[in-house]
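J.: Build the 3D model from these lines:
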Amino acid sequence: MSGWNMKIIVTAPGWIPALMAAVTCCFAQSPKPPGDFVYLRDIDPTIIQDMRYATANNFVGHVLNGYQAGECIVTRSVGNALARVQRDLAPRGLSLKMYDCYRPQRAVNDMYAWAQDGREVRAQQLYNPKLRKRDLFRLGYVARHSGHSTGKAVDLTLVRLPEPKVPPFDPSADYADCTQAADLRAPDSSVDTGTGYDCSDEKAHTASKAIAPEQRKWRDTLVSAMAKQGFINYEVEWWHFSLPGQGDTAYDFPVARHP
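T.: Numbering: from 1, shown residues only. Next up, the predicted model:
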């Protein structure tokens, strides 16, 4: 259903229009994404979503500007390709889990401003244990422009099904940094690929030799499944993939609640 369309005929005292206006507001739907963008759940609702930038569970430690909801929005071609990956993984008892999809340009600007403010914070140290903020831009971990804003890039991982139950993220907890053992890091239902998501460290490079054989197996499984549907991995981030052939226009509409 695309939304509510209410026609009100007023034939009663003045309090009724006010009441009906209040009712109408409650059914107001979120703006539809522009152009070819769609909500991933409308293409494949079985793909797990853990949209980190709509929460404080990320390297900046706060909800990024432009994330009004934890929803994965993608171009239709990317969404269809992800659905094909999911169908390929399902017989193996696996699912994709999305960490980030379309990213508004205002969120990219938020990341850049954070990286330039010179204030080292606890959240940053968990994700960048060997680096300072100012290093992130120089080394390409944070940029002024992102493929995510064009709709051609996604961040994701694998989950064994049924998805394991994990404790909720606790911003006050003393978690280990992203390079440490999975059971010491912030809770995540995903398979163990050797580092946490958004880990700015050489250990997070896709081909890193500093990980265990089982962790290597999971990275290879993810890269292979994505490559089969045309996705290309970013070599310094095992979780980052893009689909060639998408446009280069950066968008800045907010990530809104699914209608």
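J.: which residues sit against stretch 230-237?
T.: 81, 85, 140-141, 155, 198, 204-207, 223, 226-227, 240-244 (CB atoms under 8 Å, 6 or more residues apart in numbering). Bear in mind the C-beta positions are built from the backbone N, C-alpha and C, glycine included.
J.: Now, those residues that are in strands?
T.: Counting by DSSP state E, those place 155, 240-242 in strands.
J.: Who wins on neighbours among those?
T.: Among the ones in strands among the contacts of stretch 230-237, residue 241 has the most neighbours (other CB atoms under 10 Å), with 26 neighbours.
J.: Skip the chain neighbours and tell me the closest residue to that one.
T.: Distance criterion CB to CB, 6 or more residues apart in numbering; nearest residue to residue 241, sequence neighbours excluded, is residue 231 at 4.1 Å.
J.: now residue 168
T.: That would be residue 187: by CB to CB, 6+ apart, it lies 7.4 Å from residue 168.
J.: In three-state terms, how would that neighbour be classified?
T.: Recorded secondary structure, residue 187: coil (DSSP: H, G, I helix; E, B strand; the rest coil).
J.: Just give the number of residues close to the closest residue to residue 144 other than its chain neighbours.
T.: Closest residue in space to residue 144, ignoring its immediate chain neighbours: residue 112 at 5.8 Å, by CB to CB, 6+ apart. Residues near residue 112, counting by other CB under 10 Å, number 17.
J.: CA atoms only for the longest helix anywhere in the chain, dumped as PDB, please.
T.: Among the segments of the chain that qualify as a helix by DSSP state H, the longest is helix 213-228. Only the C-alpha atoms of helix 213-228 are listed here, as PDB (Å, rounded to 0.1, in the frame of the first residue of the first chain):
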ATOM      1  CA  PRO A 213      42.200 -19.600   8.400                       C
ATOM      2  CA  GLU A 214      38.500 -19.700   9.500                       C
ATOM      3  CA  GLN A 215      38.400 -15.900   9.300                       C
ATOM      4  CA  ARG A 216      40.000 -16.100   5.800                       C
ATOM      5  CA  LYS A 217      37.300 -18.600   4.700                       C
ATOM      6  CA  TRP A 218      34.500 -16.200   5.600                       C
ATOM      7  CA  ARG A 219      36.100 -13.300   3.800                       C
ATOM      8  CA  ASP A 220      36.700 -15.400   0.700                       C
ATOM      9  CA  THR A 221      33.100 -16.700   0.900                       C
ATOM     10  CA  LEU A 222      31.800 -13.100   1.000                       C
ATOM     11  CA  VAL A 223      34.000 -11.800  -1.800                       C
ATOM     12  CA  SER A 224      33.200 -14.800  -4.000                       C
ATOM     13  CA  ALA A 225      29.400 -14.500  -3.500                       C
ATOM     14  CA  MET A 226      29.500 -10.800  -4.200                       C
ATOM     15  CA  ALA A 227      31.800 -11.100  -7.200                       C
ATOM     16  CA  LYS A 228      29.500 -13.700  -8.800                       C
END
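J.: contacting residues around it?
T.: The contact list for helix 213-228 (CB under 8 Å, 6+ apart) reads 85, 88-89, 94, 156-158, 191-194, 206, 211, 233, 238, 241.
J.: Specify which member of these is nearest to residue 46.
T.: residue 89 (10.0 Å; CB to CB).
J.: could you check the distance from that closest one over to residue 191?
T.: Using CB to CB, to the nearest Å, residue 89 is found at 11 Å from residue 191.
J.: Between the two, which contacts overlap?
T.: Shared contacts of residue 89 and residue 191 (CB under 8 Å, 6+ apart): residue 158.
J.: Including distance to residue 54 and pLDDT, could the ones in strands among the contacts of stretch 230-237 go into a markdown table?
T.: Output for the ones in strands among the contacts of stretch 230-237, formatted as a markdown table (distance: CB to CB, whole Å; pLDDT from 0 to 100):
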| residue | distance to residue 54 | pLDDT |
| --- | --- | --- |
| 155 | 13 | 98 |
| 240 | 18 | 98 |
| 241 | 20 | 98 |
| 242 | 21 | 97 |
